[in-house]
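Undergrad: Fold the following for me, if possible:
(one chain, ligands or ions: 1)
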Amino acid sequence: MSSQVKIKYFNTRGRAELSRMLMSYGGQTFEDSRVEFADWGQHKDSTPIGSMPVITLENGNEYSQGTAIARYFASKYDLLGKSDEERLHADMVVDTIRSDMWPEFVKVVMASDAAQKEQLKKEAREKWNFWLGKLEAKFVRGTDTFLASGFSWADVALFNVVNDIFPLADMTSLDTSVTPKLNSIVEMVRKEPKIAAWVAKRPVTIM
Ligand SMILES: N[C@@H](CCC(=O)N[C@@H](CS)C(=O)NCC(=O)O)C(=O)O
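TA: Next up is the predicted model:
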């Protein structure tokens with residue numbers, strides 16, 4: 001069986017958006033399947049590990065884990081890095097963003113008490129700025145790219161978290177006096193024509 005690639009997720013950007021951006025960059029047509037929160041119970045048991053995103057490949061096989069799915073598309077479009085060390089470098093950046101920075105956002109979203117939410121937003125911004133400072137200091141090795149060899153999925157992951165996640169904790173831009181190199185990466189990805197076209201046409205959602 002051969003059909004279109006499908007990515008299934010909630011009607012949000014969340015953990016699916018990096019793959020949606022990478023597929024758009026790669027010129028991959030895909031079905032952007034969105035499950036309403038109220039309907040999730042009907043889907044959960046039939047997914048590979050009981051969570052989304054889920055990717056269905058052209059051959060019908062399904063896989064989960066948002067970062068693993070994104071890495072698959074980064075591999076397909078030669079965005080992993082050009083050497084073992086560059087792949088380590090890009091993975092380190094992506095893990096910092098998706099394994100360390102991301103849970104701070106989840107805490108904010110899950111908080112129901114307004115005062116606690118504000119406190120968690122403040123803590124998230126402090127932690128994000130700490131990690132951003134570390135990345136800025138040693139890990140921007142190209143011109144507007146993390147990798148010396150050029151554009152990679154680490155650049156797209158940074159754009160995704162800065163553009164789509166940080167504003168949800170009231171961090172709407174990077175401080176260009178502190179992280180100018182990271183800001184240049186974000187602006188480079190923002191202008192990448194295929195990613196910009198996806199961002200312009202994607203559904204407008206709360207997160
Ligand atoms: N480590 C997984 C986490 C997946 C995850 O927690 N997905 C959430 C949405 S962001 C979900 O499906 N929640 C519903 C549930 O777990 O029942 C990944 O990165 O894909």
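
Undergrad: mind listing the strands in the chain by residue range?
TA: 5-10, 30-35, 54-56, 62-64 (DSSP state E).

Undergrad: Most tightly packed of the ones you listed?
TA: strand 54-56 (a mean of 22; mean count of other C-beta atoms under 10 Å). All C-beta atoms are positioned from the backbone trio N, CA, C, and that covers glycine.

Undergrad: In CSV: the strands of the chain, plus distance to Ile185 and mean pLDDT.
TA: CSV is the format used below for the strands of the chain (distance: least, C-beta to C-beta, whole Å; pLDDT from 0 to 100):
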stretch, distance to Ile185, mean pLDDT
strand 5-10, 24, 98
strand 30-35, 25, 98
strand 54-56, 26, 98
strand 62-64, 28, 98
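
Undergrad: quick one, which of these is nearest to Lys127?
TA: strand 5-10 (24.7 Å; C-beta to C-beta).

Undergrad: can you give me the offset of the closest one from its chain's centre?
TA: Relative to its parent chain, strand 5-10 has a centroid offset of 15 Å by C-alpha atoms, centre = their mean, to the nearest Å.

Undergrad: Tell me the helices and strands packed up against it.
TA: helix 17-25, strand 30-35, strand 54-56 (3 or more C-beta pairs under 8 Å, 6 or more residues apart in numbering; DSSP states H and E).

Undergrad: Other residues contacting stretch 85-99?
TA: 15, 18, 66-67, 70-71, 74, 80-81, 131, 134-135, 139, 141, 146-149, 152-154, 157-158, 160-161 (C-beta atoms under 8 Å, 6 or more residues apart in numbering).
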